[in-house]
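In: structure for this input, please:
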Amino acid sequence: MAKICLCLTAKTIAADLELLARNRRYVDIAELRVDCLDPDERFLLRHFPEQAGLPVILTVRREKDGGTFTEGEASRIRLLARGLAFAEADRRKNFAYVDLEEDLNVPSLEEAARTFGIRIIRSFHSFNGLEGDIPEKIRNLRRTGDEIAKIAVLARGSADALAMVRAAGKVRDADKIFLCMGHYGVFTRILTEKLGSQISYTSAEGELLAAPGQLCPRDLVELYRFHSIGPETQVFGVIGHPLKVTNSPQFFNTVFALETTNAVYVPFPTDSLRDFMALADELDLTGISVTVPYKEAILDYLGSMSEDVEWIEACNTINRGPQGWRGTNTDMRGFSDSLLAFMSTISAHKQTGEEDEPWKIKLPQLRKPADISNLKGKKVTVIGAGGGARAVVAELYRLGAHTLILNRTLIKARNLAAPYKFRWGGLDERGVEQMEHFSDIIIQTTPAGMEGNPDRDPLELYSFSGKEIVMDLVYKPDRTPFLQRAAAASCPVLNGYDMFIRQARYQYVQFFKRDFPPALLARVNI
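Out: Model (predicted):
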């Protein structure tokens with residue numbers, strides 16, 4: 001079974017032991033990164049395994065391999081020798097593994113390790129993407145049958161991640177540690193067992209990452225249930241670019257844990273939809289949530305689609321089926337349910353005369369069914385014309401709203417408005433002037449203001465009166481600059497979190513073809 005390793009990169013042995021103590025319940029082994037220790041602390045490394053009380057990897061990583069050691073090979077070899085010297089009969093007091101790079105040829109170190117049952121990890125690190133024939137490199141890395149081959153490649157994009165997964169499939173039976181470093185390879189740190197890899201390396205929460213893309217051990221255990229992932233585990237995921245803001249793994253993995261469903265939900269940052277869809281086949285993914293910017297482009301990869309997807313030409317959910325991938329859209333109902341519930345809450349407060357501002361009602365209360373069932377007579381402005389806007393506009397049409405669509409690219413606004421005979425314009429003074437007749441509700445559908453994106457207000461030319469109901473589909477941060485400005489003008493404001501929860505429940509129905517258990521909703525606190 002795959003193991004979780006905590007990389008210890010503190011400057012002192014005491015600090016490393018403190019990091020280990022904080023994370024002990026989550027990890028199976030630790031890696032002592034001697035290159036990170038202060039020079040005086042390196043003299044103390046020999047007794048670290050006994051102090052740690054669990055199997056430890058001895059590593060002195062060179063700068064060119066992603067470490068910090070710059071003092072030359074002779075000094076590095078002496079440190080490795082110090083760690084292996086004076087081995088005890090009780091193996092628990094010795095290092096369990098020693099990491100030796102592929103180009104390090106010191107027979108005496110290898111002989112000492114084998115004599116005392118210390119397994120050699122023969123490692124290769126590349127920060128320039130794929131180099132050569134990876135399956136062949138894995139076969140050639142091991143000099144004897146008892147070594148473990150470690151391949152760590154910084155994935156420059158989805159193509160590298162795909163190639164690495166295909167390579168792993170060709171050497172499934174080899175003893176190996178196999179991972180893609182960086183944002184595009186985060187899934188390899190979760191699906192370690194699925195890839196036939198032996199170890200997933202992690203960094204302590206709040207500490208500098210020992211390598212790009214590492215997760216903290218608590219997330220691997222508590223969020224992804226790392227040790228429960230096996231051959232029969234169904235894999236779901238979310239794709240997008242850059243995909244640095246998503247609560248989908250928290251929602252679905254929490255539900256899977258509460259239900260004890262043998263499934264895991266994984267983030268897949270993707271810079272190429274074509275490469276990802278090939279990766280989805282390699283990993284035999286069951287279902288996928290689709291987010292920005294792929295909600296429209298994903299249609300080219302579908303074998304079938306729902307009527308809603310066919311009509312709005314945007315899809316946020318795909319399932320593997322007999323005819324290939326089937327696409328549906330849960331954004332539509334997620335959006336309209338959330339907006340109508342918010343409007344019902346505002347109406348109820350006005351009728352009862354309660355003093356609390358309606359937009360301060362806790363979101364779980366908003367998830368109740370709405371009393372208001374349509375938007376007839378309402379004048380609405382939609383900001384944006386992408387995949388999210390397509391779902392919003394379709395629902396506004398269904399609910400009877402009169403709608404204005406504003407977008408930076410005029411032709412996209414015009415094309416989205418045309419089937420519904422809605423008004424359209426640009427995000428300029430002329431477009432903002434039109435809002436005078438479409439300001440009962442304002443809905444922002446672009447990624448503007450999202451964490452990781454420019455801190456921008458897409459409607460900065462508009463002055464809120466305080467009478468508008470304002471919704472932003474972004475939910476991280478809680479309030480974008482756009483919502484902050486609306487709230488400051490005393491507008492009722494709603495971010496996209498409640499919509500996210502509602503559409504995720506509809507995705508659950510699509511993934512499993514069963515209703516979402518109502519009793520679970522109150523327990524999914526993310």
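
In: tell me the pLDDT of the most centrally placed residue in the chain.
Out: Here the mean C-alpha position of the chain is nearest to the C-alpha of Pro267 (CA atoms, centre = their mean), at a distance of 3.6 Å. Per-residue pLDDT puts Pro267 at 98.

In: flag the shaky bits of this protein, pLDDT-wise.
Out: When the per-residue scores of the chain are filtered using pLDDT under 70, the ranges that remain are 352-371, 525-526.

In: same thing but 50
Out: Across the chain, residues meeting the criterion (pLDDT under 50) sit at 355, 358-359, 361, 364.

In: contacts only, for Phe438.
Out: Contact criterion CB atoms under 8 Å, 6 or more residues apart in numbering gives Lys379, Val380, Thr381, His402, Thr403, Leu404, Arg423 as the residues in contact with Phe438. Every C-beta, even on glycine, is put in place using the N, C-alpha and C of the backbone.

In: put the alpha carbons of the helix or strand harbouring the fifth one into CSV.
Out: Element membership for Thr403 (DSSP states H and E) is strand 402-407. Coordinates of each C-alpha in strand 402-407 appear next as CSV, following Å, rounded to 0.1, in the frame of the first residue of the first chain:
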residue,chain,number,x,y,z
HIS,A,402,-36.2,41.1,-19.2
THR,A,403,-32.5,41.0,-19.6
LEU,A,404,-29.5,43.1,-20.7
ILE,A,405,-26.2,41.4,-21.4
LEU,A,406,-23.0,43.4,-21.1
ASN,A,407,-19.6,42.0,-22.1
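
In: which parts of the stretch 401-526 of the chain are helices?
Out: Residue ranges of the helices in the stretch 401-526 of the chain, as given by DSSP state H, counting those that start in this stretch, are 410-417, 429-434, 481-488, 497-512, 518-521.

In: let me know which of these is the nearest to Tyr97.
Out: Among these, helix 497-512 comes nearest to Tyr97, with 39.1 Å by CB to CB.

In: returning to what we had before: which of the helices of the stretch 401-526 of the chain sits most buried?
Out: Neighbour counts (mean count of other CB atoms under 10 Å) averaged over each of the helices of the stretch 401-526 of the chain peak at helix 497-512, with a mean of 22.

In: and Ile121, what element?
Out: strand 119-126.

In: quick one: contacts of that strand?
Out: Where contact means CB under 8 Å, 6+ apart, the residues beyond strand 119-126 that reach it are 57, 65-66, 96-102, 110, 113-114, 137, 141-143, 146-154, 177.

In: switch the cut-off to 6 Å
Out: Taking contacts as CB atoms under 6 Å, 6 or more residues apart in numbering, the residues outside strand 119-126 that touch it are 65-66, 97-102, 113, 141-142, 147-153.

In: likewise stretch 227-246?
Out: With CB under 6 Å, 6+ apart as the criterion, stretch 227-246 contacts 193, 248, 262-271, 276, 283, 285-292, 450-452, 476.

In: buried stuff in it?
Out: By neighbour count, and taking 16 or more other CB atoms under 10 Å as the criterion, the buried residues in stretch 227-246 are 229, 233-241, 243, 245-246.

In: closest one to Ser439 out of the residues you listed, please.
Out: Ser439 has its nearest neighbour among the buried residues of stretch 227-246 in Val245, at 28.4 Å by CB to CB.

In: helix/strand/coil for the residue nearest to the centre of the chain?
Out: Counting by DSSP: H, G, I helix; E, B strand; the rest coil, the backbone at Pro267 sits in strand.

In: thinking again about what came up before, closest to Thr70 among the buried residues of stretch 227-246?
Out: Distance from Thr70 was checked for each of these by CB to CB. The minimum falls on Leu243, at 34.7 Å.

In: which SS class is that closest one?
Out: Classification of Leu243 by three-state DSSP places it in coil.

In: picking that back up, could I get the buried residues of stretch 227-246 as JSON lines with secondary structure and distance to Cys491?
Out: Compiled in JSON lines, the buried residues of stretch 227-246 are given as follows (DSSP: H, G, I helix; E, B strand; the rest coil; distance: CB to CB, whole Å):
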{"residue": "Ile229", "secondary structure": "coil", "distance to Cys491": "45"}
{"residue": "Thr233", "secondary structure": "coil", "distance to Cys491": "45"}
{"residue": "Gln234", "secondary structure": "strand", "distance to Cys491": "43"}
{"residue": "Val235", "secondary structure": "strand", "distance to Cys491": "42"}
{"residue": "Phe236", "secondary structure": "strand", "distance to Cys491": "37"}
{"residue": "Gly237", "secondary structure": "strand", "distance to Cys491": "36"}
{"residue": "Val238", "secondary structure": "strand", "distance to Cys491": "31"}
{"residue": "Ile239", "secondary structure": "strand", "distance to Cys491": "34"}
{"residue": "Gly240", "secondary structure": "strand", "distance to Cys491": "29"}
{"residue": "His241", "secondary structure": "coil", "distance to Cys491": "32"}
{"residue": "Leu243", "secondary structure": "coil", "distance to Cys491": "30"}
{"residue": "Val245", "secondary structure": "coil", "distance to Cys491": "24"}
{"residue": "Thr246", "secondary structure": "coil", "distance to Cys491": "27"}
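
In: returning to what we had before: the residue nearest to the centre of the chain pairs with what?
Out: When bridges are assigned using DSSP bridges, the partners listed for Pro267 are Val238.

In: ok, it to Phe43 distance?
Out: Note on Pro267: its distance to Phe43, by CB to CB, to the nearest Å, is 42 Å.

In: before we move on, the earlier item: in JSON lines, list the helices of the stretch 401-526 of the chain along with distance to Asp308.
Out: Putting those into JSON lines (distance: least, CB to CB, whole Å) gives the following:
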{"stretch": "helix 410-417", "distance to Asp308": "15"}
{"stretch": "helix 429-434", "distance to Asp308": "28"}
{"stretch": "helix 481-488", "distance to Asp308": "27"}
{"stretch": "helix 497-512", "distance to Asp308": "11"}
{"stretch": "helix 518-521", "distance to Asp308": "24"}
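
In: that older thread, need the next SSE after the strand holding Ile121, C-terminal direction.
Out: helix 134-141.

In: so what angle separates the directions of that following helix and strand 119-126?
Out: Relative orientation of helix 134-141 and strand 119-126, computed by axes from the mean of the first three to the mean of the last three CA atoms, to 10 degrees: 140 degrees.

In: part of a helix, is Pro17?
Out: Careful, residue 17 is Leu and not Pro. Yes: Leu17 forms part of a helix when assessed by three-state DSSP.

In: which element, helix or strand, includes the closest residue to it other than its chain neighbours?
Out: Distances taken as CB to CB, 6 or more residues apart in numbering place Gln51 nearest to Leu17, at 5.9 Å, with adjacent residues excluded. Element membership for Gln51 (DSSP H and E) is helix 48-52.

In: on that earlier part again, any idea how far the residue nearest to Leu17 is from Asp99?
Out: The spacing between Gln51 and Asp99, counted by CB to CB, is 19 Å.

In: cool, and Arg166?
Out: Per CB to CB, Arg166 is found 26 Å from Asp99.

In: of these two, who's got more company?
Out: Asp99 (22 against 14; other CB atoms under 10 Å).

In: which SS state does the more buried one fall under?
Out: Remark: Asp99 carries the secondary structure label strand [criterion: three-state DSSP].

In: my guess is it contacts Thr59, does it?
Out: Yes: taking contact to mean CB atoms under 6 Å, the distance of 4.2 Å between Asp99 and Thr59 places them in contact.

In: list the neighbouring strands of the strand holding Thr403 plus their orientation.
Out: Under the criterion DSSP bridges, strand 402-407 sits next to strand 379-383 (parallel), strand 423-426 (parallel) in its sheet.

In: and of these, who's closest to Pro517?
Out: Go through the strands paired with strand 402-407 one by one with CB to CB and the one that ends up closest to Pro517 is strand 379-383, at 33.3 Å.

In: show me what the helix or strand that comes right after that closest one is packed up against.
Out: Elements were assigned by DSSP H and E; along the chain past strand 379-383, the next helix or strand is helix 387-398. Taking 3 or more CB pairs under 6 Å, 6 or more residues apart in numbering; DSSP states H and E as contact, the helices and strands that helix 387-398 lies on are helix 331-352, strand 379-383.

In: rerun that using 8 Å as the cut-off
Out: helix 307-312, helix 331-352, strand 379-383, strand 402-407, helix 410-417 (3 or more CB pairs under 8 Å, 6 or more residues apart in numbering; DSSP states H and E).
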